[in-house]
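Q: heads up, no residue letters with this:
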């Protein structure tokens, strides 16, 4: 089944979903409390993307991946309706994640991807994962 919205309308809807999610807010507050400073608006023009959190001086990009949107291997549940649309959209998200990781690694950025469920389960573990990337040379 085709999307019921035009590309422009769908893009506007999705732009509201993608940024500033509750898990992102929780992680940002925790990092800020610990004294880490970051940017939310750093754009990589070559691939036209903005990571959720960027520590420019440390060359660390942090992504908070939603379990549904990025097909978490642990807790992803396929949609029951409009499967063709959603599965191709989610597959493209996964491909884009790999492209971004590759681009960032080639340009000597450290990439940290945190699943939404990891943050909910144990934020301290997620913070340690970020700190490990920060300390890595």
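A: Thanks, I have it. Since this is a predicted model, take the numbers as computed values, not measurements.
Q: contacts and neighbour counts: CA atoms only from here.
A: Fine.
Q: give me the residue at the spatial middle of the protein.
A: residue 63 (3.3 Å; C-alpha atoms, centre = their mean).
Q: from residue 111, how far off is that residue?
A: From residue 63 over to residue 111 the distance is 8 Å, taken as C-alpha to C-alpha, to the nearest Å.
Q: same check, this time on residue 57
A: Noted for residue 57: a distance of 14 Å to residue 111, by C-alpha to C-alpha.
Q: and what of residue 84?
A: Counting by C-alpha to C-alpha - residue 84 and residue 111 are separated by 30 Å.
Q: and the two? Which one has more around it.
A: Between residue 84 and residue 111, counted using other C-alpha atoms under 10 Å, the more crowded position is residue 111 (21 against 11).
Q: ok, what's across the strand from the more buried one?
A: Following DSSP bridges, residue 111 is listed with bridge partners residue 61.
Q: how about it, what does it touch?
A: Counting by C-alpha atoms under 8 Å, 6 or more residues apart in numbering, residue 111 touches 60, 61, 62, 63, 101, 104, 105, 133.
Q: of these, which is the nearest to residue 32?
A: residue 62 (13.9 Å; C-alpha to C-alpha).
Q: surely that closest one meets residue 50?
A: No. Using C-alpha atoms under 8 Å, residue 62 makes no contact with residue 50, being 10.1 Å away.
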